[in-house]
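Participant: Model the following, please.
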Amino acid sequence: MPKPLQTSPRKLHPEPAPMPLPSPLLPTWRATLAVYLEPASLRMLVLGFGAGLPLLLVLGTLSFRLREAGIDRTTIGFLSWVGLAYAFKWVWAPLVDRLPLPVVNRLWGLRRSWLMAAQVLIMVGLVGMALHDPRSGLEPLIWCALAVAFGSATQDIALDAFRIESAGAERQAALAASYQTGYRLAMIWAGAGVLWLATLAEVAEAGTYQQTAWQWAYLVMAASMLPAMLTVWLSPEPVARDLPPARNLGSWLQGALVEPFADFIRRYRWQAALILGLIAVYRISDVVMGIMANPFYVDMGYTKAEVAAVTKVYGVIMTLVGAFVGGAMAVRWGVMRVLMLGAVLSALSNLLFAWLGGHGHDVTALIAVISADNLASGIASAAFIAYLSSLTNVSYSATQYALFSSMMLLAPKWLAGFSGQFVDAWGYEVFFTSTALLGLPVLLLVWLAGRQQRSQNTYHQEPIGPPSQPLNE
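Facilitator: Numbering: from 1, shown residues only. Here you go, the predicted model:
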């Protein structure tokens, strides 16, 4: 009698594994979309609103306000460096990741206490921005904008960790899409809403720029942080991680500052350079172009009402559509494929702005350009956030994600500071075409990163042991 075939349970899986790999069968679209109604997704919707509100108020909307106040384009470009606070948030991310805040940590826990502290700072900074007139001096306004940017960057650190720790890897694309939805709704309010509020508060024949109107609008924006604060208050704190006790200050610094970066290098080795290079330039086309978008609208003769309706409402709706489509496609077909699609579309859409610059004032043309650009942005953002989330180790989620998202902004924000000088020298059409060309190296990096991911099977969060269930690739 022949001997029975010796098989390995590792190959046959006679019993369900504790952490099963994803089924080769794709889920139904109904099951795929139902994830957006889960409590974690709904919380991220509101918290995403709180995260998206400050960004435009210190960058895009502020540039529109400054240009209307008569501030030159070169100065506006350099003032965009306020946004570098987001690029350097990795410096204090280890503190947000590990250091409990006195008193409030016992009330709310590590993540929620940092979120609440950051949101308070944002509100105070927005009030200061409301009260200062840029025509009487930019310095007070800049300091208040820096406070808002610092608070917003700190909120992002804590919120990214909160999101990553609230669900497994298979839910991160959906959480990213919910986050982006809230984020973009906030951008409607901080973009179109603030312009409408300022328009409603204007007095007829009182001049182009009216400080009292902008003051009212920014005070309303400060109060708009309250829903996110209430959500933080009512949300459950993620389960606390068991961290080894620090023997002394040196060992604490080792665990908080050094180990998160060393862990990433250990897991990816030489591929870490490729991954960090992709992160550093993936959004460069959009970020560099975005600084001059609002001055462009002012110089092209679009009114606040037209900009509010088209770019800040309709455009953001298109971004939401893109975010949901991108999140669903990432779950169904894999993040890397959608990452490549987003890179292609983002670069191409900038060429449409170059065309619009030569076309002149045309609201219909503006709608078409904004539709294409924001749809591409939504697809790219949802896939990119899911990709960044997949790279983190949950033991260092805040620090590592802060490193990734900071690198995403560092080079683009620095380069964007010179955008005003470039436009003054070469004009808007050449500027927008150049930003599209900046996206070409991104395509090569996405392709190389996709090959590296497939060969190394590194698309998971834990460096050791069985992988958590990944998104379908």
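
Participant: rest of the way, CA atoms for contacts and neighbours
Facilitator: Will do.

Participant: Name the helix or strand of this structure that has the lowest mean pLDDT.
Facilitator: Sorting the helices and strands of the chain by mean pLDDT, DSSP states H and E puts helix 9-12 at the bottom, at a mean of 39.

Participant: Please identify the buried residues of the longest helix belonging to the chain?
Facilitator: When the chain is parsed with DSSP state H, its longest helix is helix 363-391. Across helix 363-391, burial judged by 16 or more other Cα atoms under 10 Å covers 365-367, 369-391.

Participant: just checking, what packs against the helix or strand immediately after it in the chain?
Facilitator: Remark: after helix 363-391, the chain's next helix or strand is helix 397-416, criterion DSSP states H and E. Packing partners of helix 397-416 (3 or more Cα pairs under 8 Å, 6 or more residues apart in numbering; DSSP states H and E): helix 84-87, helix 93-98, helix 139-164, helix 259-268, helix 271-281, helix 284-290, helix 363-391.

Participant: okay, now Leu107: neighbour count?
Facilitator: 11 (other Cα atoms under 10 Å).

Participant: Buried residues of stretch 103-121, list them for me.
Facilitator: Those would be 108-121, for stretch 103-121 by 16+ other Cα under 10 Å.

Participant: Closest one to Ala309 out of these, please.
Facilitator: Nearest to Ala309, judged by Cα to Cα, of the buried residues of stretch 103-121 is Gln119 at 27.8 Å.

Participant: thought that closest one was touching Ala153?
Facilitator: No - the criterion here is Cα atoms under 8 Å, and Gln119 misses it with Ala153 at 10.3 Å.

Participant: From the chain's centroid, how far away is stretch 227-240?
Facilitator: Computed by Cα atoms, centre = their mean, to the nearest Å, the separation of stretch 227-240 from the middle of its chain amounts to 20 Å.

Participant: quick one: buried residues of it?
Facilitator: Neighbour-count burial for stretch 227-240 [16+ other Cα under 10 Å]: 228-229, 231-233, 237-238.

Participant: how about the CA coordinates for that stretch, as CSV?
Facilitator: This file holds the C-alpha atoms of stretch 227-240, laid out as CSV (Å, rounded to 0.1, in the frame of the first residue of the first chain):
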residue,chain,number,x,y,z
PRO,A,227,-18.0,69.8,15.4
ALA,A,228,-14.6,68.1,15.2
MET,A,229,-13.9,68.9,18.9
LEU,A,230,-17.3,67.4,19.9
THR,A,231,-16.5,64.3,17.8
VAL,A,232,-13.1,63.9,19.6
TRP,A,233,-14.9,64.3,23.0
LEU,A,234,-17.4,61.5,22.1
SER,A,235,-15.1,59.1,20.2
PRO,A,236,-13.6,56.1,21.9
GLU,A,237,-9.8,56.2,22.4
PRO,A,238,-8.0,53.5,20.4
VAL,A,239,-6.8,50.6,22.5
ALA,A,240,-3.6,51.7,24.2
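
Participant: And the contacts of that stretch?
Facilitator: Here stretch 227-240 makes contact (Cα atoms under 8 Å, 6 or more residues apart in numbering) with 43, 46-47, 49-50, 108-112, 115-116, 119, 162, 165-166.

Participant: and with 10 Å instead?
Facilitator: Contacts with stretch 227-240, where a contact means Cα atoms under 10 Å, 6 or more residues apart in numbering, come from 39-40, 43-51, 107-113, 115-120, 159, 161-167, 226.

Participant: Contact partners for Gln215?
Facilitator: 126-133, 197-198, 201, 221.

Participant: and if you look at Ala416?
Facilitator: 77-78, 80-81, 284-285, 287-292, 410, 422, 435.

Participant: Swap in 8 Å and give it another go.
Facilitator: By Cα under 8 Å, 6+ apart, the contact set of Ala416 is 77, 80, 287-289, 291.
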